[in-house]
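*Asks:* I would like the atomic coordinates for the input below:
(chains A and B)
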Amino acid sequence: MKILIVDDFSTMRRIIKNLLRDLGFSNTHEADDGVTALPMLKNGDFQFLVTDWNMPGMTGIDLLKAVRADEKLRSLPVLMVTAEAKRDQIIEAAQAGVNGYVVKPFTAQALKEKIEKIFDRVG
Amino acid sequence: MASDIHVSAHTEFISELKECAKLLADKLHHSDYEAASILIQALTKTRDQHIFQSVGRLTRGLHDAIVNFNVDADLSKEPPKIANSDIHDATNRLNYVMELTQKAAEKTMDMVDEAAPIAMNLGQEASSLRTEWARLKRREMTADEFRQLYERMDGFLGQMVTGTGQLSKNLQDIVLEQGFQDLTGQVLKRVIGLINDVEKDLVTLVRIAGQVEEVTGLVNDVEQDEQDRLIVQKRKTEPEGPQINKERADVVSGQDEVDDLLSSLGF
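*Replies:* Residues are numbered from 1 along each chain as shown, chains lettered A, B, ... in the order given. Just a heads-up that it's a prediction; the model follows:
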């Protein structure tokens, strides 16, 4: 499975990358904001997107909306991993069509659970 | 202290205003129009003076604030030099904090990445040897197999010595790497001090500016309310970064609440 990790902090990308590798997903790629992520998604047959919310350039929520508005990417599963914890934000992400929402700081267990749940649902 | 003087000047002006108004009503009531006109002139003069004084104080306050932040605001130089200002200094300090925390995180993860396979290999070899050892104890081992085990045990003990040595070194390096906490903490304390100073100066400025607005009638409440409403609306879903205050009602306190909220939305 080809996975794109989008976060402006390289440390966080590395943490997520390591956790995904422990879960058996080693085909991971990285982008530091929505602007760089979107063209990668459009040209790269990714099967899963993990994105932060608060990033310079293009935020994660805008990236999610762009993905859902794109003919080809529409059904791509998206997991939001973010420090943003306002109720209105979570509701906005849900309405925009997010598949899972993990708040930072998170545990390996929480990330694993959400990812498995998403894959169970999309099959 | 400076703002106390502003307040007293302001109340003085207001009481003078009231006094004049009373006198004016009195004169008008007695049809003394000449005296009334003089009063109106005096009133306008006081008001103008008060506005000038307030604007003067505002300018002075701004100047003080700028001096306090060490911003070089000489507009004849283009662009104004900010390289030596406290704000610029604070920005540099915060960048340093970011650099240091990132380096520490990366170094720590490097150490762990290096240590993880060592621990895993030692564990695997130990568990495999344990199985062999059990066979030996049950006397299921041929003399040939025993010689092999003998060799393997020797190799394993060697690996154990170098492996645990490496692990101890990495663990110690990880601990040393946490020294960033001290260094960044000191820097952050200084920046917090500066922000407090800036806030104090800004509050004083806002108070003086408020008085100018009041006297000149520059404030438009309806427009202001609408602007405030729009700002509040926008803030609802604007990124804020990690939440410091978990007591806030519009913020979830952790993953469990996120899950509850999502499931209430039909997730």
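*Asks:* do stretch B:238-254 and chain A meet?
*Replies:* Yes: judged by Cβ under 8 Å from any Cβ of the partner chain, stretch B:238-254 comes into contact with chain A through B:P239, B:E240, B:G241, B:P242, B:Q243, B:D250, B:V251, B:V252, B:G254. Every residue, glycine included, has its C-beta placed from N, CA and C.
*Asks:* right, is stretch A:29-47 up against chain B?
*Replies:* No: Stretch A:29-47 lies apart from chain B when judged by Cβ under 8 Å from any Cβ; the minimum separation is 12.3 Å.
*Asks:* please identify the buried residues of that stretch?
*Replies:* The neighbour-count check on stretch A:29-47 (16 or more other Cβ atoms under 10 Å in any protein chain shown) flags A:H29, A:E30, A:A31, A:D32, A:D33, A:G34, A:A37, A:L38, A:L41, A:F46 as buried.
*Asks:* do the same with stretch A:85-99
*Replies:* Using 16+ other Cβ under 10 Å as the test for burial, stretch A:85-99 gives A:A85, A:K86, A:R87, A:Q89, A:I90, A:I91, A:E92, A:A93, A:A94, A:A96, A:V98, A:N99.
*Asks:* same thing with stretch B:19-38?
*Replies:* Quick answer for stretch B:19-38 (16+ other Cβ under 10 Å): B:C20, B:L24, B:K27, B:A36.
*Asks:* same deal with stretch B:157-165?
*Replies:* Per 16+ other Cβ under 10 Å, stretch B:157-165 contains these buried residues: B:G163.
*Asks:* show me which residues of chain A sit near chain B.
*Replies:* Applying Cβ under 8 Å from any Cβ, we find that chain A lies next to chain B at A:9-11, A:14-15, A:18, A:53-54, A:59, A:61, A:83-92, A:94, A:101-104, A:106, A:110.
*Asks:* which non-adjacent residue is nearest B:L62?
*Replies:* B:L205 (6.5 Å; Cβ to Cβ, 6 or more residues apart in numbering or on different chains).
*Asks:* residues from the stretch 51-200 of chain B in reach of chain A?
*Replies:* B:Q102, B:A105, B:E106, B:M109, B:D113.
*Asks:* between those, which is nearest chain A?
*Replies:* Using Cβ to the nearest Cβ, the shortest approach to chain A within these belongs to B:A105, at 4.2 Å.
*Asks:* next up, identify which helix or strand that closest one is on.
*Replies:* helix B:86-137 (DSSP states H and E).
*Asks:* could I get the average pLDDT for that helix?
*Replies:* Helix B:86-137 carries an average pLDDT of 92.
*Asks:* past that helix, which element shows up next along the chain?
*Replies:* helix B:143-177.
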